[in-house]
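1. what follows is a predicted protein model with its sequence.
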Amino acid sequence: MYNINLIDIYPQLLEINNEINLLRIVDKKVKESLVFYCIKNENTYRVYMLNTMTGQEVNIKNYSEKNNLKNLVENIKLVEIDINKLKTLEEVENYILKII
């Protein structure tokens, strides 16, 4: 059984107070996660990845259209099997930064 799980707990891209939750990747062993969310600033959607274990927040991508956010989430879902095989959140974080 894998320790890393991609959880799509935000099936719709709902904007609340200029923020949009995208998805979460959880390490069941250490009970920490990578949270992907977006902040809308004027006409730019800034996508961030937050590592709850370290508290580190990284701006991973900026988009001008909301539709690109769906594509980002779908692209991460496409590699879910590869993500699940990784052993730590650090490995997952590095992997995602490489594919984006």
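-> Okay, I see it.
2. count of neighbours near Asn62?
-> Neighbour count for Asn62, taken as other Cβ atoms under 10 Å: 12. The way it works is simple: take the backbone N, C-alpha and C, and place the C-beta from them, glycine included.
3. secondary structure element holding it?
-> Applying DSSP states H and E as the criterion places Asn62 in strand 57-63.
4. report all helices and strands that the following helix or strand past that strand contacts.
-> Next helix or strand after strand 57-63 toward the C-terminus (DSSP H and E): helix 67-78. Packed against helix 67-78, as judged by 3 or more Cβ pairs under 8 Å, 6 or more residues apart in numbering; DSSP states H and E, are the following elements: strand 19-27, strand 32-41, strand 44-51, strand 57-63, helix 89-99.
5. between these, which one is nearest to Asp82?
-> If you check each of those against Asp82 by Cβ to Cβ, helix 89-99 wins as the nearest, at 7.1 Å.
6. orientation of the closest one relative to strand 19-27 in degrees?
-> 130 degrees (axes from the mean of the first three to the mean of the last three Cα atoms, to 10 degrees).
7. quick check: angle from helix 89-99 to helix 67-78?
-> 130 degrees.
8. how about helix 89-99: buried residues?
-> In terms of neighbour count (16 or more other Cβ atoms under 10 Å), helix 89-99 has its buried residues at 89, 92-93, 96.
9. and if you look at stretch 20-35?
-> Per 16+ other Cβ under 10 Å, stretch 20-35 contains these buried residues: 20-27, 33-35.
10. which among those gets closest to Leu72?
-> Leu22 (7.1 Å).
11. just to revisit the earlier point, max pairwise distance over the buried residues of helix 89-99: which two?
-> Top of the distance list for the buried residues of helix 89-99 (Cβ to Cβ): Leu89 and Ile96, 10.2 Å.
12. mind picking out the helix or strand in this structure with the poorest mean pLDDT?
-> strand 4-7 (a mean of 84; mean pLDDT, DSSP states H and E).
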